[in-house]
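Peer 1: Kindly generate the corresponding structure for this input.
(2 chains)
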Protein chains: 2
Amino acid sequence: MKINYPDGRIFDKPSQPSLDNSSAKKKLIFGDRGMTLEEEINESNKYYRSHELAVIYKKPTPIQIVKVDYPKRSRAVIKEAYFRQASTTDYNGVYNGYYVDFEAKETKNKNTFPLKNFHQHQIDHLKLCQKQGGICFVIIKYVLLNRYFIMPADNIFDHWDAQKNDGPKSIQLKDIVNCSIEIKPDYNPTLPYINAVQQLIESRKEKK
Amino acid sequence: MKINYPDGRIFDKPSQPSLDNSSAKKKLIFGDRGMTLEEEINESNKYYRSHELAVIYKKPTPIQIVKVDYPKRSRAVIKEAYFRQASTTDYNGVYNGYYVDFEAKETKNKNTFPLKNFHQHQIDHLKLCQKQGGICFVIIKYVLLNRYFIMPADNIFDHWDAQKNDGPKSIQLKDIVNCSIEIKPDYNPTLPYINAVQQLIESRKEKK
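Peer 2: Predicted coordinates for the structure are as follows:
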């Protein structure tokens, strides 16, 4: 008997039960959810570096090291350490003479983006970098919608500062759509966000 | 009986013998050796950030985390982790619209600077950043001479590539003096290197 798998997966065990319709459909829709936003950006950065289009890295997680063992004939082992809070955003680097600085955020919401995803130090850092002439933004991924947006830092600041003055605690998707550049996931690079960065640069030049 | 301490150590016992002339002089000359180059740069970066003159950070050391404990009512403890090799240089950030990227190196030599202080990945990274229009250099500290130099990345590349072709394995101090900008340590900031960065930017503009 031949079993039909609607999502086209290849099975090597003949005795495995066939998937029911609903879970097969689920897998199809969310088939590209295997990669986190961080992985997608890291992959894209690798592509940009290898093609000499941009040099952008995720910064390592800051760790406070308390105890290190140095075993003979073997490399040092950290035996006690703690996570520290970062002072900056996660990503920075250089593109075509411009300093680029951004944070990446995922949400499982469908209509809003909660501002509690940001920390005060990230906002402060983005403000400082922007004052120095950096290209600053946030990449927001709506995981369940599979949509990606580059939201310029200025627009983030507006919502953040409004919230401080008892404004809304989240940004509506329609507001994000209005002020952001949408990025479509692709292959090589996985997330072609540098095109959007180029647009941000051009729109900044026009304003001047 | 009076005991002479040739290394000039200071004792807090009231019976302390007065320092002889030579060790007092020694202490005076090397009085500012308490700070490492890394500490001096971190202090200066703090000053530049608080005065909104530049936003430059040392990147955290990359760590590969293997085991983490999550004790109840207390923060996570990393129980097993290893140091990883960085892919980049240690410092980067933004100054007046320019992307700045550099490595900091100390030497206890008095006449030469051994090229083995660099790793291939640091040179590769500096080359990529330079191609993207970044301001790239190395800060070299001669610990025993108490002299500091900003050496442009191009000059480092020349020596590095020559070494690869069986050239000298180190750079002579006089060559560093010739091609670099000397920085004088100061107070607030401890190491006023941004002035030298400004000079690098201007000399690059002139070349164009």
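Peer 1: and A:T89, which of the three is it?
Peer 2: Counting by DSSP: H, G, I helix; E, B strand; the rest coil, the backbone at A:T89 sits in coil.
Peer 1: show me where chain A has strands.
Peer 2: With DSSP state E as the definition, chain A shows strands at residue ranges A:55-58, A:63-69, A:77-83, A:91-95, A:98-107, A:112-114, A:135-142, A:147-152, A:170-172, A:181-183.
Peer 1: any chance of these in CSV, with mean pLDDT and mean neighbour count too?
Peer 2: (Glycine included, C-beta is placed from N, CA and C.) Below are these laid out as CSV (pLDDT from 0 to 100; neighbours: other Cβ atoms under 10 Å in any protein chain shown):
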stretch, mean pLDDT, mean neighbour count
strand A:55-58, 98, 21
strand A:63-69, 96, 13
strand A:77-83, 97, 17
strand A:91-95, 98, 24
strand A:98-107, 97, 23
strand A:112-114, 97, 17
strand A:135-142, 98, 24
strand A:147-152, 98, 21
strand A:170-172, 97, 18
strand A:181-183, 98, 17
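Peer 1: Could you dump these into CSV with distance to chain B added?
Peer 2: Output for the strands of chain A, formatted as CSV (distance: least, Cβ to the nearest Cβ, whole Å):
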stretch, distance to chain B
strand A:55-58, 5
strand A:63-69, 5
strand A:77-83, 4
strand A:91-95, 4
strand A:98-107, 4
strand A:112-114, 23
strand A:135-142, 9
strand A:147-152, 16
strand A:170-172, 25
strand A:181-183, 21
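Peer 1: Of all those strands, which one comes closest to A:E206?
Peer 2: Of all the strands of chain A, strand A:147-152 sits nearest to A:E206, with 13.3 Å by Cβ to Cβ.
Peer 1: ok so, going back, make a markdown table from the strands of chain A and add distance to B:I156 to it.
Peer 2: Below are the strands of chain A laid out as a markdown table (distance: least, Cβ to Cβ, whole Å):
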| stretch | distance to B:I156 |
| --- | --- |
| strand A:55-58 | 17 |
| strand A:63-69 | 29 |
| strand A:77-83 | 31 |
| strand A:91-95 | 18 |
| strand A:98-107 | 21 |
| strand A:112-114 | 44 |
| strand A:135-142 | 27 |
| strand A:147-152 | 35 |
| strand A:170-172 | 45 |
| strand A:181-183 | 36 |
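Peer 1: and B:L128, which of those is closest to it?
Peer 2: B:L128 sits nearest to strand A:55-58 of all the strands of chain A, at 4.9 Å, using Cβ to Cβ.
Peer 1: now that closest one: how far from the chain's centre is it?
Peer 2: Distance of strand A:55-58 from the chain centroid (Cα atoms, centre = their mean, to the nearest Å) equals 12 Å.
Peer 1: Report all helices and strands that that strand contacts.
Peer 2: Applying 3 or more Cβ pairs under 8 Å, 6 or more residues apart in numbering or on different chains; DSSP states H and E, one finds that strand A:55-58 makes contact with helix A:37-50, strand A:91-95, helix B:120-131.
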